[in-house]
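[1] Let me see the structure of the following:
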Amino acid sequence: MGAQPTKPEREEADELRKNVPQACSEAADAILDADVLLLATGAGWSAESGLAVYRDIANVKAYAERDLTYRELCVPSWLRDEPELFWGFWGLCFNDYRQTRPHDGYGIVKKWRDAMFSTSDVADVIGLRVAEQEKQSSLEDLKNEEEAWSNDHVTPPGAFFSYTSNVDAHFYDVLDAGEIRECHGNVELYQCGGRRVVVEDEEGEKVLYMSKKCSRSVWRAPSDLAPYAVSTETMLAEDGTRASSLAAKTDVDDKATIGHTGGETRDPSTTLQHMPPPLNDRSKTFDKNWPICPRCGGRARPAILMFEDNDWVDSALQDRRYREWTAAVRWLATETRSASNPLRVVILEVGAGGNVTTVRHESEHVFRNVDAVATTLIRVNPELPLPDNDVDKLAAGRVRVVSIMAGGLDAIKRIDACLRERRPDLFDESPIPPDEAYTPLAGYEAIGEELGDIRLDE
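    Residues are numbered from 1 along each chain as shown. Below you'll find the predicted structure:
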């Protein structure tokens, strides 16, 4: 998808690491000057919570013995060919995500949102515009037969949005559902995976195949869903009784792996607190270790975009809301600003690496070439902090890039300290201090003008 990430040369990397404090200071200035903030996150953001990422799959003995890589595991065909392996992998992912507390960066960014991007004139107008546009009928309304929840009671977004490729659903602990776009889905949502069917081919040999999904329906897992029962020795999950409880967290000396994560235990009182209640009670479909489709009785699967996946069911409501929000930002800029007085947008991209470049591509293109929008892309990554596209072409499209070659959480804490130093009046709590010694997190791939009289319905 578009230009590919490139690693900085050794001398450039050394200079980037040396320049981390200055780059974080520059990032803080851009955020303070911004009208709109878009947080864009990839796998490196989740890794800060102690969760496993792509390359950590190689550390799992059962997978290594079968020469299985992440790309080979994360395909829907295992649901047909070896459901024990499919649910072993996704079951442990679900257990890990439900058990692990989101890192401090989530709360820090929420405080930025509350202090600078929730109550401004820009936030009010964007929210009103999104609400008005969502009242208009759309083909998107017919895309899915069933959605996990309704947007009727979800607050429209203001001058802040979160765009992520992570599937852990951790943003619902701190952010409103109406300002979250999960471009690859999440483990809390399920869809039909089809029915296993055995037929005879022309030679009379029996062939197993999986029928197509019965519908474009998405439903939510119960908030009190019992954990998946998975053998951490074989990494397989048999169909039968679910686990009674999650295993206690233990210290992780080296790298996190599936089923053995770092971080702290998630607080049950805030887990998914902003995820809306389900439209329909589908709890019975999770009685066994292998969930079933409530419509056809076939296999269910996580509503997550996997590799070699032609059957993923995205949340049409979530997708539409994000597109309405980006359109509202462009509309506001076009109606009220100019090239000489642009709407100032900051995209804070954290932990988006080179394995799957969806987030990096979105960051560089979402507001590019909008004359009345000036975009600052703050790219935080310990390995790939440089822009993927030509710098001059990005500049011509009114996008400038601030590269921070650091771990995501460390950079967020540094930026937060700069913000509080410049504008202590915006924050009433002490900052979470950055690590005393800066050490980049290697090992993951990867974060009020007067508006005048504006018609919202144009």
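[2] in this protein, what secondary structure element scores lowest on mean pLDDT?
    strand 206-210 (a mean of 74; mean pLDDT, DSSP states H and E).
[3] Parallel or antiparallel, list what pairs with it.
    Strand 206-210 sits in its sheet next to strand 196-200 (antiparallel), going by DSSP bridges.
[4] Using CSV, write down the CA coordinates of the strand it pairs with.
    Taking Å, rounded to 0.1, in the frame of the first residue of the first chain, the C-alpha atoms of strand 196-200 are listed here in CSV:
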residue,chain,number,x,y,z
ARG,A,196,-17.9,-26.7,7.5
VAL,A,197,-19.1,-28.9,4.6
VAL,A,198,-17.7,-32.2,3.4
VAL,A,199,-18.4,-33.1,-0.3
GLU,A,200,-17.0,-35.6,-2.8
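[5] Tell me where the longest strand sits in the protein.
    Counting by DSSP state E, the longest strand found in the chain is strand 185-194.
[6] the inter-axis angle of it versus strand 206-210?
    140 degrees (axes from the mean of the first three to the mean of the last three C-alpha atoms, to 10 degrees).
[7] how far out from the middle of the chain is strand 185-194?
    15 Å (C-alpha atoms, centre = their mean, to the nearest Å).
[8] Name every strand pairing with that strand and say which way it goes.
    Strand 185-194 is paired, per DSSP bridges, with strand 219-220 (antiparallel), strand 299-304 (antiparallel).
[9] contacts for the last one?
    Right, strand 299-304. If you take C-beta atoms under 8 Å, 6 or more residues apart in numbering as the criterion, strand 299-304 is touched by 76, 79, 83, 86, 90, 94, 167, 184-187, 189-196, 210, 218, 285, 290-293, 312-315. In this view, the C-beta of every residue, glycine as well, is placed from N, C-alpha and C.
[10] for the record, mean pLDDT for it?
    Confidence for strand 299-304, expressed as mean pLDDT, is 98.
[11] roughly how far is the following helix or strand past that strand from the heart of the chain?
    Using DSSP states H and E, the helix or strand that follows strand 299-304 towards the C-terminus is helix 316-336. Centroid separation for helix 316-336 versus its chain: 19 Å, with C-alpha atoms, centre = their mean.
[12] Output helix 316-336 as CSV - backbone C-alpha positions only.
    Presented in CSV, the C-alpha positions along helix 316-336 are these (Å, rounded to 0.1, in the frame of the first residue of the first chain):
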residue,chain,number,x,y,z
ALA,A,316,-20.2,-0.1,8.8
LEU,A,317,-21.3,2.4,11.5
GLN,A,318,-17.8,2.9,12.8
ASP,A,319,-16.4,3.2,9.3
ARG,A,320,-19.0,5.8,8.3
ARG,A,321,-18.5,7.9,11.4
TYR,A,322,-14.8,8.1,10.8
ARG,A,323,-15.3,9.1,7.2
GLU,A,324,-17.9,11.7,8.3
TRP,A,325,-15.5,13.1,10.8
THR,A,326,-12.6,13.5,8.3
ALA,A,327,-15.1,15.0,5.8
ALA,A,328,-16.3,17.4,8.5
VAL,A,329,-12.7,18.5,9.2
ARG,A,330,-12.1,19.2,5.5
TRP,A,331,-15.5,20.9,5.2
LEU,A,332,-14.8,23.2,8.1
ALA,A,333,-11.4,24.1,6.7
THR,A,334,-12.8,24.9,3.3
GLU,A,335,-15.7,26.9,4.7
THR,A,336,-13.8,29.0,7.2
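[13] which strands and helices sit next to that helix?
    With contacts defined as 3 or more C-beta pairs under 8 Å, 6 or more residues apart in numbering; DSSP states H and E, the packing partners of helix 316-336 are helix 121-135, strand 160-164, strand 180-182, strand 343-350, strand 373-380.
[14] do that again at 7 Å, thanks
    Packing partners of helix 316-336 (3 or more C-beta pairs under 7 Å, 6 or more residues apart in numbering; DSSP states H and E): helix 121-135, strand 160-164, strand 180-182, strand 343-350.
[15] In the first one, which residues are buried?
    Neighbour counts using 16 or more other C-beta atoms under 10 Å place 121-123, 125-134 of helix 121-135 among the buried residues.
[16] just to revisit the earlier point, for the strands paired with strand 185-194, which one ends up most surrounded?
    strand 219-220 (a mean of 26; mean count of other C-beta atoms under 10 Å).
[17] Generate a ChimeraX selection restricted to the buried subset of the contacts of strand 299-304.
    To isolate the buried subset of the contacts of strand 299-304 in ChimeraX, counting by 16+ other C-beta under 10 Å, use the following:
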select :76,79,83,86,90,94,167,184,185,186,187,189,190,191,192,193,194,195,210,218,285,290,291,292,293,312,313,314,315
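[18] in the stretch 251-400 of the chain, which ranges drop under the pLDDT threshold?
    251-257, 259-260 (pLDDT under 70).
[19] now with 90?
    251-263, 355 (pLDDT under 90).
[20] same check, this time on the stretch 101-250 of the chain
    Those would be 134-154, 195-212, 232, 240-241, 243-250, if you go by pLDDT under 90 across the stretch 101-250 of the chain.
[21] Could you give the bridge partners of the most centrally placed residue in the chain?
    Among the residues of the chain, the one closest to the centroid is Thr164, at 2.5 Å (C-alpha atoms, centre = their mean). Beta-bridge partners for Thr164, by DSSP bridges, are Thr41, Glu182.
[22] Ser217 pairs with what?
    Glu146.
[23] surely it meets Arg295?
    Yes: assessed by C-beta atoms under 7 Å, Ser217 is found in contact with Arg295 at 6.4 Å.
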